[in-house]
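1. this one's structure only:
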């Protein structure tokens, strides 16, 4: 069949010939306002293509002109009627620009090569279990009633850059549970007006939501649901540089992982609602630096995620809960101002190998970070932080963390234990302040010396009177197992009690000083 059906309109017959030659068929007028598919301007029959004509070309179209490759490339057309390609095999390349669909697009269980819809108005896309060998592009499209890509298989890239997607009757903008994208999924500057559902989806390369604006749907409190998501490279919930996006009719993106120049204008990633990334896997990194506007009961859930690097550098503190419970991280890259305060941080079982802060992050701020956790006292969180600091050679900071752990622990004990803990804190700092113990030891030496200088003991043997030194006598009782030649004296009365107190204080304080000195030598 080399000629178009006779009942086709002139516009459709022109598309037939362009299809056979693989040419772009442009029905636009050249007036930007008139050609905008998102306005209410009327497009007449000269710009109208029936959906059944498109289906015929795509599913059972004519052969190409010799020396050419048949392809459907259409610009500026009104597609009337529902385009039904469900279950079919689309063997030709398809690219539509600036087109307006009257009805939803049905592609469920279809097979295709590459499908490109750019700057098109499509009421809804039904494409569950769609399988493509190439790309699926929906850049700058407006899709008011949402997209369904459940269990779809995209051969290379999925692009939703600058798309505006509304919600379906379930409150979801994109239903893509179980979807598999072999390479990259780009949705930079996406405007999602419902739940973006990517549960159990797999992305072979990068998943980029830089500059995206995600809002919860009318029937759900969640704006991003990516539980058990697997990303073969990096997840970007970060800002997008403004340069190059506006005014461009062909611009799809600004490059993966590109960092804006200092001071350059950017559009941050924003989430208005709950974000669920629980049990997700990111093989290279998870980069988070957006804004999270969480309502009462909402949270940013990073529970049980696995990734070699988590970069958490929000410029505004999230307004709700951030949970990292049972997450396993390699490098934790963060800033002290990025984390929420007010007991809105879940760190139960959170493990990380190395701390790589962006800018100054003091050990005091780290301890405050731990103490902002929602659970009252988690000793394993202090041990984890101390271990990470030791791996970086910060032994002093690690001891500071363990000291804070002991102080926090004793605040949870009964009153007698709290009182004993207070004594330990003041005297020896729970063993993490050996210098403090040395000062108390020095004070005990001075007090004991003054006492025995005024109340010297009698000799053990009346006929023997060894040389008397209150300094050495006191020191001999303070230092365990040390003989300074002052054992020939026999204290009595109050002297016995003072001597016993010196022995007890000496054992407690001297052993603390020795332990601290040993740690210093080992570190050296």
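-> On my side now, so go ahead. Note that the coordinates shown come from a computational prediction; the quantities given were computed from them, not determined experimentally. Numbers count the residues shown, from 1 in each chain.
2. okay, CA-based contacts and neighbour counts for the rest of this
-> Noted.
3. Now residue 402, what are its backbone angles?
-> With angles defined as degrees, to the nearest 10, residue 402 shows backbone torsions of phi -70, psi -30.
4. just so I have it, where are all the helices in the chain?
-> Counting by DSSP state H, the chain has these helices, from start to end: 10-21, 32-35, 51-60, 363-371, 379-391, 395-410, 415-428, 434-454, 470-478, 494-523.
5. So for residue 140, which of these sits nearest?
-> Using Cα to Cα as the measure, helix 32-35 is the one of the helices of the chain that comes nearest residue 140, at 14.7 Å.
6. Pull the residues that contact the closest one.
-> Applying Cα atoms under 8 Å, 6 or more residues apart in numbering, the contact partners of helix 32-35 are 28-29, 39, 41, 76, 98.
7. Please spell out the PyMOL selection for the buried subset of these.
-> For selection in PyMOL, the members of the contacts of helix 32-35 meeting the burial criterion (16 or more other Cα atoms under 10 Å) are listed in this command:
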select buried, resi 28+76+98
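8. Let me have the contacts of helix 32-35 in CSV, extended by distance to residue 381 and pLDDT.
-> As requested, the contacts of helix 32-35 are exported to CSV (distance: Cα to Cα, whole Å; pLDDT from 0 to 100):
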residue, distance to residue 381, pLDDT
28, 63, 94
29, 65, 92
39, 56, 91
41, 61, 91
76, 59, 96
98, 54, 95
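9. So, low pLDDT: which residues of this structure?
-> Low-confidence segments of the chain, defined by pLDDT under 70, are located at 1, 244-262, 407-438, 462-465, 480-490, 508-524.
10. list the contacts for the nearest residue to residue 284 once chain neighbours are set aside?
-> Counting by Cα to Cα, 6 or more residues apart in numbering, residue 284 lies nearest to residue 233, which is 4.7 Å off, once chain neighbours are set aside. With contact set as Cα under 8 Å, 6+ apart, residue 233 has these partners: 204-207, 282-285.
11. Highest neighbour count among those?
-> Highest neighbour count within the contacts of residue 233: residue 207, with 27 neighbours (other Cα atoms under 10 Å).
12. what sits against it?
-> Applying Cα under 8 Å, 6+ apart, one finds that residue 207 lies in contact with 184-187, 231, 233-236.
13. ok, now how distant is it from residue 55?
-> Computed with Cα to Cα, to the nearest Å, the distance linking residue 207 and residue 55 is 32 Å.
14. One more: residue 113?
-> 15 Å.
15. Might one say that residue 404 is in contact with residue 367?
-> Yes: counting by Cα atoms under 8 Å, a contact exists between residue 404 and residue 367, whose distance comes to 7.4 Å.
16. What about the contacts of residue 233, which are in strands?
-> When the contacts of residue 233 are checked against strands (DSSP state E), the matches are 207, 282, 285.
17. okay if I get the residues you listed as JSON lines plus distance to residue 23?
-> Formatted as JSON lines, the ones in strands among the contacts of residue 233 follow (distance: Cα to Cα, whole Å):
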{"residue": "207", "distance to residue 23": "33"}
{"residue": "282", "distance to residue 23": "41"}
{"residue": "285", "distance to residue 23": "42"}
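18. For residue 87, what are phi and psi?
-> In this entry, residue 87 is assigned phi and psi values of phi 80, psi 0 (degrees, to the nearest 10).
19. so what's it up against?
-> Under the contact definition (Cα under 8 Å, 6+ apart), the residues listed for residue 87 are 107-111.
20. got it, and residue 300?
-> If you count contacts by Cα under 8 Å, 6+ apart, residue 300 has them with 274-277, 292, 294, 320-323.
21. can we see that at 7 Å?
-> When contacts are counted by Cα atoms under 7 Å, 6 or more residues apart in numbering, residue 300 is found next to 274-276, 321-323.
22. Nearest to residue 343 among the contacts of residue 87?
-> For the contacts of residue 87, the closest approach to residue 343 (Cα to Cα) belongs to residue 108, at 46.1 Å.
23. wait, that closest one sits on residue 84?
-> No: distance between residue 108 and residue 84: 9.1 Å, which falls outside the contact criterion (Cα atoms under 7 Å).
24. picking up where we left off before, single out the most deeply packed of the helices of the chain.
-> Between the helices of the chain, the one whose residues have the most neighbours on average, counting mean count of other Cα atoms under 10 Å, is helix 470-478 (a mean of 22).
25. That helix to helix 434-454, inter-axis angle?
-> If you take axes from the mean of the first three to the mean of the last three Cα atoms, to 10 degrees, helix 470-478 sits at 130 degrees to helix 434-454.
26. Can you spell out which helices and strands pack onto helix 470-478?
-> Helix 470-478 makes packing contacts with helix 434-454, helix 494-523 when contacts are defined by 3 or more Cα pairs under 7 Å, 6 or more residues apart in numbering; DSSP states H and E.
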